[in-house]
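*Asks:* I need the structure of the sequence given here:
(chains A and B)
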There are 2 protein chains.
Amino acid sequence: MVKINKDYLNLQGSYLFSEIAKKVNAYAQANPDKEIIRLGIGDVTRPLPPAVISSLHSAVDEMGRAETFRGYAPDLGYEFLRNAIAENDFIKRGCNIAADEIFVSDGAKSDSGNIQEIFGKDNVVAVCDPVYPVYVDTNVMAGRSGKYDCEKGGFEKIVYMPCTSENGFAPEFPKTVPDLIYLCFPNNPTGATIEKDVLQEWVDYANKNGSVIIYDAAYEAYISDQNVPHSIYECEGARECAIELHSFSKNAGFTGLRLGYTVIPKDLVREGVKLHSLWARRHGTKYNGAPYIVQRAGEAVYSKAGQAEIKETINYYMRNAAYILDGLKKAGYTVSGGVNAPYIWLKTPEGLTSWEFFDRLLTKANVVGTPGVGFGAHGEGYFRLTAFGNYEATVKAVDRIVKL
Amino acid sequence: MVKINKDYLNLQGSYLFSEIAKKVNAYAQANPDKEIIRLGIGDVTRPLPPAVISSLHSAVDEMGRAETFRGYAPDLGYEFLRNAIAENDFIKRGCNIAADEIFVSDGAKSDSGNIQEIFGKDNVVAVCDPVYPVYVDTNVMAGRSGKYDCEKGGFEKIVYMPCTSENGFAPEFPKTVPDLIYLCFPNNPTGATIEKDVLQEWVDYANKNGSVIIYDAAYEAYISDQNVPHSIYECEGARECAIELHSFSKNAGFTGLRLGYTVIPKDLVREGVKLHSLWARRHGTKYNGAPYIVQRAGEAVYSKAGQAEIKETINYYMRNAAYILDGLKKAGYTVSGGVNAPYIWLKTPEGLTSWEFFDRLLTKANVVGTPGVGFGAHGEGYFRLTAFGNYEATVKAVDRIVKL
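*Replies:* Take a look at the predicted model:
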């Protein structure tokens, strides 16, 4: 008789964004006349840049001719893309990362969910609280979490590092030394960043303790501040303790195209084994490469035209962020994020819970946001708005919230 | 201190096709003047059908305009694609499978590797021997295999079901009743098929024992025989015991485009839990959907033009298969497969081992095939050739082999 994976039964409710979608759909069906503005899920709205579109068309044409048709991609990604990534995202920034330390994938969500698999079950996992739910849920599914503890507001064995207004939404070293540490800066959901010297302290901490940092840099393109690092490999010693995840979703609008990459330096060794080899084995055995046409699209992002076009889109979103920040501040809200990140993190007014505020916003302003508590217990009393909407809709949404 | 996943250390060597690629590259570098013909890895060579190319171009254009841009896809796939699949691959064949029992993915390799994750670690896994390596390797990585046993020629805890000329390359019920049973027909690597009444016996066996069959139907498009089932759901009771995997790689040439799907009927329940819910949770948490443009390409496969075009390509490859079968038979080889499947399975001559024959073919005929032992101990003394090559090259390869 087949036994199911019982660790799945420890998961709490459904995936946050599926839950929100259900609520919003129910409201929309009951109120078909209302114009709902969605600033909830972190999905982008601007079209793909012309350089990317043009590259996709040529690659599609190649796939239609026998002489230029491409079948299975190389396990770890095409060299043209890995070289472009190494050059632009690392070498130019003074980070020592080689093309063969880059693993091309179908996005940072898959990678951030799958990366835990190369580690043993008996590792202590630390996450920020609030946190992107994928880090926690995938460790629950792998049996590293223990049961959910309602009093703790989290899983028994997970180490939560509170990020609240008291510490400027930056985690502090936990009492228990963790083995695996998930960090994401600029942060989802709080929009907070940390400066290079603070990140260096985490690298030193990991090296001292033999921990591994899984550094999610999905939002690095939104950084404008000189002191905020774009990559953990800007820190000394990071090649010995850090894995870094990147996405093409937020910088270049690939949410519906699916492309990302993971960096594992060859110097990252634990128990005598290169983590690079383990991930290469996983990639080669359970994955068959990102589509050729999508890898060509990724390459186009690094072209001169591509770089100029994505900059324009980022500026567009950051104008939204500024409008939200400014509008809510003027209306008396306590807000943060939104400067080096596309997320605005606000304190719910009048002591409302996150979900109460979600319901109020949905029903009174017809605006969808994300309840902070959906990201963890320390997100309670907070709320996330994204800058990824259409500008006119964002302005309208802020004006409606301000009038509440 | 981080602990690695030690189950990975039980894996044997590198992934088979990476190993072959290394050998071939080394030979090619040492002999730059030789024209090597590759009939090894099961990669297709014909370009994508015009209907697919045209659909890709329109979808790319949609992604370039704000009004038609698509971000994150629905977790389980776009309805337009799931409906087309349900209608064409199941309803038309009299199989009772609904669109919401279909999970769209980036291919059958990922799905066949990931599906084991929703099951507990303490299940007994049975595979055919020889077998597609992904089924075994992913269970090794998940800790279900135990150590590799050199004498057994396999992993301690895996149940191997020999498929040899003695049983017509069809597995027999094993002595130990397994929990998870991987079956693939038309088979990779042997090219063998089983008829509907035989598959019905497996379904009955699984239902009697509470086992689950993971049925890989990646090659069903190559079936011409009326008695060979295209789907396990043609059998009675399969909705209660079977998961089915499909690919767009071999029927429509999507190896470089990446699209597949998995079917989990809602009647498939173990320990009181719908496996459909577990897989939905995994899909929603660790995956972010196949690219919109690729899902549109998949839809085009089911159009009238698409169906005619893929039929033409399949006929092209089956002409190769017939040429290989015929040529090798005439030359005195013992061959099978190649009728309802794109793979030809031959007995190595003169008692050569699979790898000895691989080396002979590579160095004397400059033809690349796949050593049968790479698929399992009972593949020793056999060799796989694929029909996915260019016709002229295939003819040349066969002529070279015949002259050996």
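*Asks:* Show me what the longest helix along chain A packs onto, helices and strands only.
*Replies:* Using DSSP state H, we find that the single longest helix of chain A is helix A:304-330. Other helices and strands packing on helix A:304-330, by 3 or more C-beta pairs under 8 Å, 6 or more residues apart in numbering or on different chains; DSSP states H and E, are helix A:50-63, helix A:249-252, helix A:292-301, strand A:335-337, strand A:343-347, helix A:391-402. Bear in mind the C-beta positions are built from the backbone N, C-alpha and C, glycine included.
*Asks:* and the closest residue to chain B within the stretch 301-404 of chain A, how many neighbours?
*Replies:* Nearest to chain B, among the residues of the stretch 301-404 of chain A, is residue A:390, at 7.8 Å (C-beta to the nearest C-beta). Residue neighbour count, defined by other C-beta atoms under 10 Å in any protein chain shown, stands at 16 for residue A:390.
*Asks:* contacting residues for it?
*Replies:* A:45, B:66 (C-beta atoms under 8 Å, 6 or more residues apart in numbering or on different chains).
*Asks:* ok, now residue A:256?
*Replies:* B:63, B:69-73, B:289, B:291-292.
*Asks:* I figured residue A:169 was touching residue A:187, is that so?
*Replies:* Yes. If you go by C-beta atoms under 8 Å, residue A:169 and residue A:187 touch, sitting 6.6 Å apart.
*Asks:* any common contacting residues for these two?
*Replies:* A:163, A:337.
*Asks:* Format the CA atom coordinates belonging to the helix or strand bottoming out on mean pLDDT in chain A as PDB.
*Replies:* Across the helices and strands of chain A, mean confidence by mean pLDDT, DSSP states H and E is lowest for helix A:16-30: a mean of 89. This file holds the C-alpha atoms of helix A:16-30, laid out as PDB (Å, rounded to 0.1, in the frame of the first residue of the first chain):
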ATOM      1  CA  LEU A  16      -0.800  32.500   0.200                       C
ATOM      2  CA  PHE A  17      -1.400  33.900  -3.300                       C
ATOM      3  CA  SER A  18      -3.900  31.200  -4.200                       C
ATOM      4  CA  GLU A  19      -5.800  32.100  -1.100                       C
ATOM      5  CA  ILE A  20      -5.900  35.800  -2.000                       C
ATOM      6  CA  ALA A  21      -7.000  35.000  -5.600                       C
ATOM      7  CA  LYS A  22      -9.900  33.000  -4.200                       C
ATOM      8  CA  LYS A  23     -11.100  35.800  -2.000                       C
ATOM      9  CA  VAL A  24     -10.800  38.400  -4.800                       C
ATOM     10  CA  ASN A  25     -12.600  36.200  -7.300                       C
ATOM     11  CA  ALA A  26     -15.400  35.600  -4.900                       C
ATOM     12  CA  TYR A  27     -15.800  39.400  -4.300                       C
ATOM     13  CA  ALA A  28     -15.500  40.200  -8.100                       C
ATOM     14  CA  GLN A  29     -18.200  37.600  -8.900                       C
ATOM     15  CA  ALA A  30     -20.500  39.000  -6.300                       C
END
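*Asks:* packing partners for it?
*Replies:* Contact here means 3+ C-beta pairs under 8 Å, 6+ apart; on that basis helix A:16-30 packs against strand A:370-371.
*Asks:* got a markdown table for the helices and strands packed on helix A:304-330, with mean neighbour count and mean pLDDT too?
*Replies:* As requested, these are exported to a markdown table (neighbours: other C-beta atoms under 10 Å in any protein chain shown; pLDDT from 0 to 100):
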| stretch | mean neighbour count | mean pLDDT |
| --- | --- | --- |
| helix A:50-63 | 20 | 98 |
| helix A:249-252 | 26 | 96 |
| helix A:292-301 | 26 | 98 |
| strand A:335-337 | 21 | 97 |
| strand A:343-347 | 25 | 97 |
| helix A:391-402 | 18 | 97 |
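*Asks:* Generate JSON lines for the ones you listed, with distance to residue A:210 as supplementary columns.
*Replies:* Below are the helices and strands packed on helix A:304-330 laid out as JSON lines (distance: least, C-beta to C-beta, whole Å):
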{"stretch": "helix A:50-63", "distance to residue A:210": "41"}
{"stretch": "helix A:249-252", "distance to residue A:210": "32"}
{"stretch": "helix A:292-301", "distance to residue A:210": "34"}
{"stretch": "strand A:335-337", "distance to residue A:210": "32"}
{"stretch": "strand A:343-347", "distance to residue A:210": "32"}
{"stretch": "helix A:391-402", "distance to residue A:210": "45"}
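*Asks:* looking at those, which is closest to residue B:114?
*Replies:* Closest approach to residue B:114 among those is made by helix A:292-301 (20.0 Å; C-beta to C-beta).
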